[in-house]
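here is my input; please provide its structure:
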Amino acid sequence: MEYLQYAIQLIIMSSSLGKRTVDLPTELNETILPWILGAFSLLIALTLLGGLKAWRDMKRSPYFFMRRQAEKRLQSYFSTAVVLALLAAGISLYGWQTPEDTTPRMAILTNAKPPKEEILQLFETTPAITEAAETETAVSIEIATDETGALSLTELDNTILQAGPVLPPEFDQLEPTAELRPDTQLGEIAFSTEVNNDYQPINPQRIFAEGNYTLYATFSYHAMQNGMEWAWVWRRNGEVVDGGNQIWQYGSDGPGYIYFSPEEGFQPGEYTLEVWVNGELLTQSSVIVNDAALSAGN
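Numbers count the residues shown, from 1 in each chain. So this is what the prediction gives:
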């Protein structure tokens with residue numbers, strides 16, 4: 001029976017070891033698994049040897065009681081050998097099967113555009129863009145007839161409406177003390193979530209994620225003059241969401257920035273920044289806030 005107890009202990013140890021190797025990488029699993037199967041083979045051989053000895057004792061014992069004990073040992077060794085063989089077969093099949101590849105597959109497309117459905121969803125959430133464009137470009141024409149009854153154009157309603165945006169009155173409350181110069185210029189706006197000490201953008205981009213953060217808009221200016229009136233207007237999908245109005249006090253040339261951090265966080269849509277000087281729009285630019293478009297690699 002010592003062989004049987006020893007075999008049972010080895011079964012328990014080998015089973016626990018086999019369970020631990022199941023979750024190991026394939027290379028390590030293939031290294032340990034032959035040792036486990038070898039241990040099972042050795043146990044099966046020892047068990048069969050014990051069974052052979054018990055069978056011999058059963059045949060040679062002159063007494064019924066001794067033959068009965070040998071028969072019981074033979075049954076125990078045979079049962080143990082069968083269990084070991086089944087365990088070895090099960091571990092072998094489980095360990096050598098092809099592991100399932102769960103590695104995520106992604107292709108980074110640097111110039112990819114968002115899928116069609118996501119683009120449609122983006123435009124569904126920004127209906128004000130289309131409405132604003134239709135309003136700003138709409139032209140009212142009056143038709144009249146002359147004395148001969150022929151149709152003629154008499155005038156354009158408001159001549160032609162401005163195709164560009166209009167400075168909201170709440171951000172046009174100050175009177176400038178300096179005239180706008182012909183060479184006054186504001187550079188292109190760059191958007192980022194960080195700026196350095198020189199007011200230069202860090203990792204500028206045109207598409208941002210939704211959520212709470214500060215968006216910096218940096219630009220250069222040239223031939224400005226203290227005393228000019230300047231205003232900035234933030235729009236989301238064409239609707240004004242923030243802005244300001246000041247008298248310029250920052251010199252004639254240099255870099256500058258405007259930041260925006262809405263309390264409710266950035267929502268999906270198009271955010272546009274306009275910078276006005278003495279009532280004239282000198283620069284504007286837009287960014288898209290949309291998680292789907294950002295994940296698409298745009």
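
tell me, which helix in this structure spans the most residues?
When the chain is parsed with DSSP state H, its longest helix is helix 26-60.

and it, what does it pack onto?
Secondary-structure packing of helix 26-60 (3 or more C-beta pairs under 8 Å, 6 or more residues apart in numbering; DSSP states H and E): helix 2-22, helix 64-96. All C-beta spots, glycine's among them, are computed from the backbone N, C-alpha and C.

list the buried ones in it?
29, 33, 36-37, 39-40, 43-44, 46-47, 50-51, 54-55, 57-58 (16 or more other C-beta atoms under 10 Å).

hmm, back to that, of the helices and strands packed on helix 26-60, which shows the lowest average pLDDT?
The stretch with the lowest mean pLDDT among the helices and strands packed on helix 26-60 is helix 2-22, at a mean of 48.

beta-bridge partners for the residue nearest to residue 253 when sequence neighbours are not counted, please?
The spatial neighbour of residue 253 that comes closest, neighbours along the chain excluded (C-beta to C-beta, 6 or more residues apart in numbering), is residue 222 at 5.3 Å. Beta-bridge pairing for residue 222 (DSSP bridges): residue 185.

now do the contacts for residue 222.
183, 184, 185, 186, 187, 252, 253 (C-beta atoms under 8 Å, 6 or more residues apart in numbering).

check residue 44 too.
Contacts of residue 44 (C-beta under 8 Å, 6+ apart): 81, 84, 85, 88.

was I right to think the last one contacts residue 40?
Yes - the criterion here is C-beta atoms under 8 Å, and residue 88 meets it with residue 40 at 3.8 Å.

how about low-confidence regions in the stretch 101-250 of the chain?
101-163 (pLDDT under 70).

now the strands for it?
Along the stretch 101-250 of the chain, counting by DSSP state E, counting those that start in this stretch, strands occupy 140-145, 151-157, 185-186, 190-192, 207-208, 215-222, 229-236, 239-247.

give me the contacts around the fourth one.
Residues outside strand 190-192 that contact it (C-beta under 8 Å, 6+ apart): 201-206, 208, 215-219, 273, 285, 287.

and the residues you listed, which are buried?
For the contacts of strand 190-192, buried by 16+ other C-beta under 10 Å: 201, 204, 208, 215, 216, 217, 218, 219, 273, 285, 287.

list just the nearest of these to residue 239.
residue 273 (13.7 Å; C-beta to C-beta).
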